[in-house]
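> next come a sequence and a model predicted from it.
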Amino acid sequence: MNLPNKLTLLRIILVPFFVLFLLVDAIPLSPVFALVVFIAASITDFFDGHYARKHNMVTDFGKFADPLADKILIISAFCCFIQMGLIGAVPVIIVLFREFAVTSVRLVAASKGKVVAANMWGKAKTVSQIAAVIVALVLQIVLKLGGFSAEVSGSFGIITNVVVWVSVIFTIISGIVYLKDNADLYKNAK
């Protein structure tokens, strides 16, 4: 297994630790650890693909596992945010719907020998989702420090929802672009 694929697997392995730190308040500084683990996992997302392309180490496993690892990380974060009461279920349902739709297109394409590569909108979606999670985590850390009025605390909730919904807008746009760009795969399906 090459280095990029190991980095992708590391991102998947980090997810349970991220979830643990995010949801278990009994661990001292747990939101800080959650943030550190999330950032480490996000950094592997950049380096695995960049390294694989630069050193001609792109593999079929990497083409499959890299976007899967991204989805596992982001959807885990958003599901935790639901449990924590930070966001509602609707943005997560939209993200899941988009991911299932695009994955279906990729599977159909793969069955026909075509690779559906990430485009600018897919990358913008991933970056906006990572940014939304980081902003939400930073705000949670600041809230844990305490001493804020209910008004300030409420504004943190609004900011969290805004950044999540901005990422959902990028998610919707990227999904529409993927479906439009690959319409030939399912228009004449038999």
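It's in.
> C-alpha from now on. contacts and neighbour counts both.
Will do.
> tell me how many other residues crowd Leu35.
22 (other Cα atoms under 10 Å).
> again, but for Ile87
22.
> got a list of what it touches?
Phe78, Phe81, Thr160, Asn161 (Cα atoms under 8 Å, 6 or more residues apart in numbering).
> which non-adjacent residue is nearest Ile12?
Ala69 (5.5 Å; Cα to Cα, 6 or more residues apart in numbering).
> so how far is Ala150 from that neighbour?
37 Å (Cα to Cα, to the nearest Å).
> compare those two (neighbour count), which wins?
Ala69 (22 against 9).
> tell me the contacts of that one?
Thr8, Leu9, Arg11, Ile12.
> let's see which of the residues you listed end up in helices.
Secondary structure assignment by DSSP state H places Thr8, Leu9, Arg11, Ile12 of these in helices.
> so which residues of the chain form helices?
3-23, 30-54, 60-83, 89-111, 120-145, 150-181, 184-187.
> in a markdown table: those, plus mean pLDDT.
Formatted as a markdown table, these follow (pLDDT from 0 to 100):
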| stretch | mean pLDDT |
| --- | --- |
| helix 3-23 | 94 |
| helix 30-54 | 91 |
| helix 60-83 | 91 |
| helix 89-111 | 91 |
| helix 120-145 | 94 |
| helix 150-181 | 93 |
| helix 184-187 | 77 |
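> quick one: neighbours of Phe61, just the number.
For Phe61, using other Cα under 10 Å, the count is 11.
> which residues touch stretch 132-144?
With Cα under 8 Å, 6+ apart as the criterion, stretch 132-144 contacts 31-32, 34-35, 38-39, 74, 77-78, 153, 156, 159-160, 163-164, 167.
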